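# Predicted model and sequence follow; I will ask about them next.
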2 protein chains.
Amino acid sequence: MSEHTTDEHKMKEADITSTPSPGRHSGRFPYVHKVGKPPKQNLLTELSNSFKETFFSDDPLHPFKDQPRSRKFILGLEALFPIISWSKDYSFAKFQGDLIAGLTIASLCIPQDIAYAKLANLPPQNGLYTSFVPPLIYASMGSSRDIAIGPVAVVSLLIGRMLQDVIDPKNEVAYVRLAFTATFFAGITQMILGIFRLGFLIDFISHAAIVGFMGGSAITISLQQLKFLLGIEKFTRKTDIVSVMRSVFNAAHHGWNWQTIAIGLSYLAFLLISKHIGKRNRKFFWVSAIAPLFSVVTSTLLVYVTHAEDHGVQIVKHIKKGINPPSAGEIYFSGEYVSHGFKIGVVAGMVALTEAIAIGRTFAAVKDYQLDGNKEMVALGTMNLVGSLTSCYVATGSFSRSAVNYMAGCQTAVSNIVMSCVVLLTLQLITPLFKYTPLAILASIIISAVVGLVDVSAAKLIWKIDKFDFIACMGAFFGVVFITVEKGLLIAVSLSFAKILLHVTRPRTAILGKLPRTTVYRNIEQYPDATKVPGILIIRVDSAIYFSNSNYIKERILRWLTEEEEQLKGKHLPRINYLIVEMSPVTDIDTSGIHAFEELYRSLQKREIQLALANPGTVVIEKLHSSKFADMIGENMIFLSVADALLTFSPKTTEEV
Amino acid sequence: MSEHTTDEHKMKEADITSTPSPGRHSGRFPYVHKVGKPPKQNLLTELSNSFKETFFSDDPLHPFKDQPRSRKFILGLEALFPIISWSKDYSFAKFQGDLIAGLTIASLCIPQDIAYAKLANLPPQNGLYTSFVPPLIYASMGSSRDIAIGPVAVVSLLIGRMLQDVIDPKNEVAYVRLAFTATFFAGITQMILGIFRLGFLIDFISHAAIVGFMGGSAITISLQQLKFLLGIEKFTRKTDIVSVMRSVFNAAHHGWNWQTIAIGLSYLAFLLISKHIGKRNRKFFWVSAIAPLFSVVTSTLLVYVTHAEDHGVQIVKHIKKGINPPSAGEIYFSGEYVSHGFKIGVVAGMVALTEAIAIGRTFAAVKDYQLDGNKEMVALGTMNLVGSLTSCYVATGSFSRSAVNYMAGCQTAVSNIVMSCVVLLTLQLITPLFKYTPLAILASIIISAVVGLVDVSAAKLIWKIDKFDFIACMGAFFGVVFITVEKGLLIAVSLSFAKILLHVTRPRTAILGKLPRTTVYRNIEQYPDATKVPGILIIRVDSAIYFSNSNYIKERILRWLTEEEEQLKGKHLPRINYLIVEMSPVTDIDTSGIHAFEELYRSLQKREIQLALANPGTVVIEKLHSSKFADMIGENMIFLSVADALLTFSPKTTEEV
């Protein structure tokens, strides 16, 4: 493109400002585009549209459109059980990947299951049960291809903490029954959220809060393991760092068991090193995947041979053989424990969901497939519901095992089925062998598993990007570490909410100036070469105008004006005649907002300043009209853009380029 | 301006697109303005700025700047006691206005005070006490010139309802002590909100919710009056409409007292008619102002003469003579009632604040003076604190009396002082005369006072402007009427919050098109003549991108893209190569938002579509840089405006005008 054509190009650009050809203008002011007011929708359409966008934003019924009935039925079945559709083109090649991945995560999950059950104060076999039934249900109903289902550390800690507040774990029968009750309600909660498409509720826990919560939980979980790692018999029930450290030091003189410490620490070192190797070189990820099972087998043999259990090394002792017994009859459906079970279930169910959805989304983004959050919730809910009837406690997607699953080359949820089968064999055949497994090894396995949840680099990034997010992150972290895991969660959620509310209460406003040689008006703080237009103040409001901020916005605009006038007075410059409010970012306005604008208009009238609005959006212009505010300030004071308003108020300025 | 000059004007407009003169461009693409990135503020400045904007948005220390110390002290005193500054130019003319207004509201407040005290289950003299001390404190500390201070119906109902849940009103000593305790904490709450500049918290109750809450309260209060109006002796304690109506009909056979009904209804008719007259012709407003006192005087005389009290007409009976006794010793500072008193005080204090601030702002807007919300709160808090030490219960600004005060021509808070003096004289001299006042008259006075709170036209306007606001309004209304006043308040607040959260969770997105013969890009739904640019999809996101919506926004953008691609395929049109996200309304982004954009970028890369951003604001551009996302998509893919991006991607299109 030669210089010349570019010049011509520039000439033609003459027309591409918002002021069209001269033929259409009349009188002093050139004709300008009017602000569009879309045809008024009737109430029903409006409500149904906003309902649809809130609850069915992903348009789940799209494929069902214009299909015959039989086809709809099949589509419905496929939607509920994705296994039907993906199993059609399942191949041997895929199975190879799934088999290897399934075996790998099975070897990882068996020791973890026993350890996590311990963390929830449950008998060890319940951990294994939870890796048998739920993965099967998920494999048929879930749509994530990479998630590995089973008990996880954070939920185990949370449920253990909350259950023991209600029933002493020593009262094992009642305690386990309450655990099933909580699991039942966790499943119901998850299903209901999915069915009623309330999945967006879990979006209210911010990423930053999750990072803090997970990190804090990992620290708390690791601290809890000191009991087994140091062989302490009398240990506090509390989870906060102060109580735990006091417990540890009080036991220092006679409560520590040196055999236990020796075994525990050496295996912990081994596990952490193997984890490091797996991380450094992804080819060796299997080293970290197989290390826990290797540790369990060798340490169990060691104890069995040396009879270390007689020297104070605590072992698993009791572990039941056989697959999941039914537990429907054990769930509390009446009595004082129902409400406790319900409360614990709701909290544990939400946290479990958050974790599963986060994992599912991460891997879906990596492999670029879509994940329907609401459908996932139904799948996870059904799985926990069935789990609660078959002696399982709350299962969800595990961060560490899902990563291993992915790296081992899983292709579909069949890897979960493989894992489930291995767990079945374990339960039927070799469970009794775990009797001699030292608890210190399980503690080491837990610590090495959760250590990855402390994500310092994520916290650093959060600090760099958003300071308030960082406060939420640290609030959740310290809440979990210094108080309890529930309080930490509460802090995380509250701070997340507070952030939204603060943003809505104190939105930003900016003075706009004209970028030289353009008709573009931008924040003069962001663009230092933007210049103010004499006699005209242009203010942009950066938020929907609601009751929570309408008063602030009105007063802030008046304050800008006062400050500006004081400055002008100091410099003996002409006074302000027009105040243009740039409304582009104002996505909505409510009755309080309209009131605020009416008050603003009256205040300005008394100061003999004309108010004008630029570029109100669809919703806003409709409300300006229905509230008659548009008539109040005059329809001709509402402009398509700031440039158009300027063209009317100060055509000279726009010419003086 | 001739056709010719306009033409020239158009020619010059060539330069006022964002593409400057040809001299500055290089290569194929003309040089364009870069997106401004303001100098990075250090953390402390940033935090202190946002702190200042949140808590000191009105810059209250502005007048103190650069003043000598002694002047600062005087300014400080004046800030705390505005009476010092406005009394300087107080004149006799002003006093005339204040005297008349003061006498008018005194005549209105005396009967109301006795009636409202009854509503709060308190002895009648406490109502009068509350119109004596608090107005004096407010007059010296408050900055509203029109508000009339004293007990009000809604707060009386609320406090009565909540107190009787804790202590039976028949146990008068303890009940009154709890009332003082609640008043004390209400004052403390209000002061703390003011001192810590948390005044914005009351902005979280939306205008719509207040309309509903007030209307519902008025209905509930009126229903409660049926007890006295019909002379029913056995009446329910509950306030919901179902219980009350059941009570009324159960008493129909033998519990209604016909003498009471006759007196009550005729006076009610008189009061409502006089109110109507006052409303129709503002010259006769004094008719409605004087009517209550007239009713009390005549009906009291009537009862005294006819001894109607012996025929079942209930009368005030006990009313104590003399001014406020001290009550500091009666406040519960320890024991089981403290926490109850605290809770009731916080709720009543907040509701009282909401009412007072709403009134203050309304009249300040009418007379165009500024009202500092936080300073008002300190004044109201101090007034209730002192009130609780002098046998008053919670006082605030009354809607009906403030309106009368304004119409009677009040000039300053001196009208409150005049009213206070009249109440003092009443307490000292004529209180015993109220002994024979029939309760039915007090009931009529309450009904005629609160009937104005049912604001049907406001509700209609809300319906017209914002449907969700209307739901909040009705929720509060029916909550108060059918459940309790506290639950109604809770519903009002919850719905107000829900609205904000919903807006933040499901923000709007829009496809933009080019307005013919301009470089302006607008929502194609709002502007039907806007046309899409072939091969390029322009999407505007209408909200800050936060954890609560980041995932939705990402998926919504991808859905727009998929829908668009399906359409294009159907019409055999060229595929989409560029996706431009217009970021003007995106006022902030957090870590989750950045993650969502990273995922969006990766998804688009797989589909071979180039992502570009247009006009990110100050905060957003900073975060895009600090998170390295700007480097990821390439700095040159971030444009000043959509028009600039188009100029780069499809210069042909911009030419084809």
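It's in.

# Going by neighbour count, which residues in the biggest helix by length in chain A are buried?
Secondary structure of chain A per DSSP state H: the longest helix is helix A:337-367. Using 16 or more other CB atoms under 10 Å in any protein chain shown as the test for burial, helix A:337-367 gives A:337, A:340-342, A:344-365. C-beta here means a position set from N, CA and C on the backbone, and glycine is covered the same way.

# out of these, which touch chain B?
A:361, A:365 (CB under 8 Å from any CB of the partner chain).

# Can I take it that residue A:412 is in a strand?
No. Read with DSSP: H, G, I helix; E, B strand; the rest coil, residue A:412 is coil and lies in no strand.

# Neighbours of it, how many?
When neighbours are counted by other CB atoms under 10 Å in any protein chain shown, residue A:412 registers 21.

# That one: what's it in contact with?
Counting by CB atoms under 8 Å, 6 or more residues apart in numbering or on different chains, residue A:412 touches A:86, A:90, A:94, A:98, A:145.

# Just the pLDDT for the first one.
Residue A:86 is assigned a predicted lDDT (pLDDT) of 88.

# quick check, it in a helix?
Yes. Assessed with three-state DSSP, residue A:86 lies in a helix.

# ok, it - how many residues close by?
Neighbours of residue A:86 (other CB under 10 Å): 17.

# and the gap between the closest residue to it other than its chain neighbours and chain B?
Computed as CB to CB, 6 or more residues apart in numbering or on different chains, the closest residue to residue A:86 that is not its neighbour in sequence is residue A:412, at 6.0 Å. Per CB to the nearest CB, to the nearest Å, residue A:412 is found 20 Å from chain B.

# show me where pLDDT drops low in chain A?
A:1-34, A:36-43, A:58, A:651-657 (pLDDT under 70).

# now the strands: where do they sit in it?
For chain A, the strands defined by DSSP state E occupy A:149-150, A:396-397, A:509-514, A:521-523, A:536-541, A:578-582, A:610-614, A:638-639.

# so which of those strands gets nearest residue A:262?
Proximity to residue A:262, assessed across those by CB to CB, is greatest for strand A:149-150 (30.3 Å).

# is it true that residue A:347 touches residue A:488?
No. If you go by CB atoms under 8 Å, residue A:347 and residue A:488 don't touch, sitting 12.0 Å apart.

# picking up where we left off before, of the strands of chain A, which is nearest residue B:562?
strand A:396-397 (26.7 Å).

# just checking, what packs against the closest one?
helix A:337-367 (3 or more CB pairs under 8 Å, 6 or more residues apart in numbering or on different chains; DSSP states H and E).

# Tell me how many other residues crowd the nearest residue to residue A:344 once chain neighbours are set aside.
In this structure, residue A:344 finds its nearest non-sequential neighbour in residue A:182, 4.1 Å apart by CB to CB, 6+ apart. Using other CB under 10 Å, residue A:182 has 31 neighbouring residues.

# list the contacts for residue A:182?
A:159, A:162, A:163, A:341, A:344, A:345, A:348, A:393, A:394.

# Return the distance of it relative to residue A:160.
Residue A:182 sits 11 Å away from residue A:160, going by CB to CB, to the nearest Å.

# Now for residue A:347 and residue A:488: what residues contact both?
Joint contacts of residue A:347 and residue A:488 (CB under 8 Å, 6+ apart) do not exist.

# what does stretch A:481-499 rub up against?
A:154, A:157-158, A:161-162, A:204-206, A:208-210, A:212-213, A:216-217, A:219-220, A:238-242, A:347, A:351, A:468-469, A:471-472, A:475-480, B:501, B:546-548, B:590.

# Pull out the buried residues from it.
So, applying 16+ other CB under 10 Å, buried residues of stretch A:481-499: A:481-486, A:488-493, A:495-497, A:499.

# can you check stretch A:76-88 too?
Buried-residue list, stretch A:76-88, by 16+ other CB under 10 Å: A:79, A:81, A:82, A:83, A:86.

# Looking at these, which one is closest to residue B:516?
Nearest member of the buried residues of stretch A:76-88 to residue B:516, counting by CB to CB, is residue A:79, at 43.6 Å.

# Can you give the domain ranges for chain A?
Using automatic domain parsing, the domain ranges for chain A come out as A:91-455, A:506-655.

# residues contacting residue A:537?
A:511, A:560, A:561, A:564, A:576, A:578, A:579, A:580.

# 7 Å instead?
A:560, A:561, A:564, A:576, A:579 (CB atoms under 7 Å, 6 or more residues apart in numbering or on different chains).

# can you pick the most crowded of the residues you listed?
Going by other CB under 10 Å, residue A:579 tops the contacts of residue A:537 with 23 neighbours.

# Touching, that one and residue A:561? I think so.
Yes. Using CB atoms under 7 Å, residue A:579 is in contact with residue A:561, at 6.4 Å.

# hmm, back to that, distance of the residue nearest to residue A:344 relative to residue A:343?
From residue A:182 to residue A:343 the distance is 8 Å (CB to CB).

# and what of residue A:565?
58 Å.

# what's the answer for residue A:272, then?
Counting by CB to CB - residue A:272 and residue A:343 are separated by 37 Å.

# can you check residue A:122 too?
Counting by CB to CB, the gap from residue A:122 to residue A:343 is 19 Å.

# Check the stretch 201-350 of chain A for the residue nearest chain B and tell me.
Going by CB to the nearest CB, chain B is nearest to residue A:206 of the stretch 201-350 of chain A, at 3.5 Å.
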